[in-house]
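Visitor: let me see the structure of the following:
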Amino acid sequence: MFFEMSYRSKAVKTTTTVSVILPDNVEGTYKTLYLLHGAGGNNTVWPRFSSIERYAKEHNIAVVMPSVGNSWYTDTAYGVNYFTFVTEELPEFCRAHFKGMTDRREDNLIAGLSMGGYGAFKIALTYPERYFACASLSGAFDITRKGRPYDLSLWKANFGFLLNSAAELEGTAHDVFHLTKQAKADGKALPKMFIWCGTEDRLLDASRSYHALLTELEIDHEYRESEGDHSWKWWDMHINPALEYLLNT
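Guide: Have a look, this model is predicted:
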């Protein structure tokens, strides 16, 4: 079953639209995947450009696809709280309206592509007690080390108007590398992790650097790279293997 719903969000302070896929004819509870879009996308891109509805049916899971603009899954400096929306408000709204969704850690997964890959790991590492597993395809992990040049004006709008360079985000709650080190140092139980990036992808160095950190910290994860660039042909090809890995308990 496929739904597209619109409602007024307190966190986002306007009407937002969310796409939701639910399992067919399921009694009891089921697992839910929060599936995040990349920069320039919205809640429609995964259903439009991939076979996610078919994959969800094969795995008998729900999929929730929010729309966050180019916010980098952050409570922005201009007062629109997309991080709070995705991590707090949206799960509560969905669980209140869709019977079968639960707040149990083992029932919740999060994944995304590019900006959404960064968002998925940022969220899962901020709240590892809430997410059993996370996945990134072509993840833009390296926002502080500038795996590619970013528009500083966008960084200021999202991360802080007083920001002078991306490097100032290192060691903050926005830095996935820092969050990973902190979670490891705190002895937290981390989610299962799956990372894929194409060998022709402009963000390959970011995925390799993050893979190297996980390896150095001896954090268990699945890292794959293979032919592919930064496009839907490859994301559609690799989201199902990601799900198979995350759901294989």
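
Visitor: contacts only, for the residue most central in space within the chain.
Guide: For the chain, residue 120 is the residue whose C-alpha lies nearest the centre (C-alpha atoms, centre = their mean; 2.3 Å). Neighbouring residues of residue 120 by C-beta atoms under 8 Å, 6 or more residues apart in numbering: 34, 36, 110-112, 134-136, 139. Where C-beta positions appear, they are placed from N, C-alpha and C, glycine not excepted.

Visitor: which single helix of this protein contains the most residues?
Guide: helix 232-247 (DSSP state H).

Visitor: what does that one rub up against?
Guide: Contacts for helix 232-247 (C-beta under 8 Å, 6+ apart): 31, 33, 49-52, 55, 58-59, 61, 109, 111, 113, 132-135, 137-138, 192, 194, 196, 198, 201, 222, 224, 227-228.

Visitor: now restrict these to buried residues only.
Guide: Buried subset of the contacts of helix 232-247 (neighbour count, 16 or more other C-beta atoms under 10 Å): 31, 33, 50, 52, 55, 59, 61, 109, 111, 113, 132-135, 137-138, 192, 194, 196, 198, 201, 224, 228.

Visitor: quick check: which element contains the residue nearest to the centre of the chain?
Guide: Assigned by DSSP states H and E, residue 120 belongs to helix 115-126.

Visitor: how far off helix 115-126 does the following helix or strand past that helix point, in degrees?
Guide: Remark: after helix 115-126, the chain's next helix or strand is strand 133-137, criterion DSSP H and E. Going by axes from the mean of the first three to the mean of the last three C-alpha atoms, to 10 degrees, strand 133-137 is angled at 160 degrees with respect to helix 115-126.

Visitor: which outside residues touch strand 133-137?
Guide: Strand 133-137 is contacted by residues 109-114, 117-118, 120-121, 123-124, 191-197, 207, 234-235, 238-239, 242-243, 245-247 when judged by C-beta under 8 Å, 6+ apart.

Visitor: could you pull out the strands for the protein?
Guide: 2-9, 14-21, 32-36, 62-65, 108-113, 133-137, 192-198, 222-226 (DSSP state E).

Visitor: nearest approach to residue 84 belongs to which of these?
Guide: Counting by C-beta to C-beta, residue 84 lies closest to strand 2-9 out of these; the figure is 9.5 Å.

Visitor: tell me the pLDDT at the closest residue to residue 108 other than its chain neighbours?
Guide: The shortest distance from residue 108 to any non-neighbouring residue, by C-beta to C-beta, 6 or more residues apart in numbering, is to residue 131 (5.3 Å). Per-residue pLDDT puts residue 131 at 98.

Visitor: so residue 131 sits against residue 111, correct?
Guide: No - judged on C-beta atoms under 8 Å, residue 131 makes no contact with residue 111 at a distance of 10.0 Å.

Visitor: where does pLDDT dip in the chain?
Guide: 145-150, 249 (pLDDT under 70).

Visitor: let me see the contact set for residue 49.
Guide: Residues in contact with residue 49 (C-beta under 8 Å, 6+ apart) are 232, 235-236.

Visitor: ok, it to residue 166 distance?
Guide: From residue 49 over to residue 166 the distance is 29 Å, taken as C-beta to C-beta, to the nearest Å.

Visitor: same deal with residue 13?
Guide: Relative to residue 166, residue 13 is positioned 27 Å away (C-beta to C-beta).

Visitor: mind checking which of those two has more residues around it?
Guide: More neighbours surround residue 166 than the other of residue 13 and residue 166, with 17 against 12 (other C-beta atoms under 10 Å).

Visitor: quick check: the more buried one touching residue 154?
Guide: No - counting by C-beta under 8 Å, residue 154 is not a contact partner of residue 166; they are 10.4 Å apart.

Visitor: burial count for the residue nearest to residue 108?
Guide: 25.

Visitor: over to residue 92?
Guide: Neighbour count of residue 92, defined by other C-beta under 10 Å: 11.

Visitor: same deal with residue 212?
Guide: 11.
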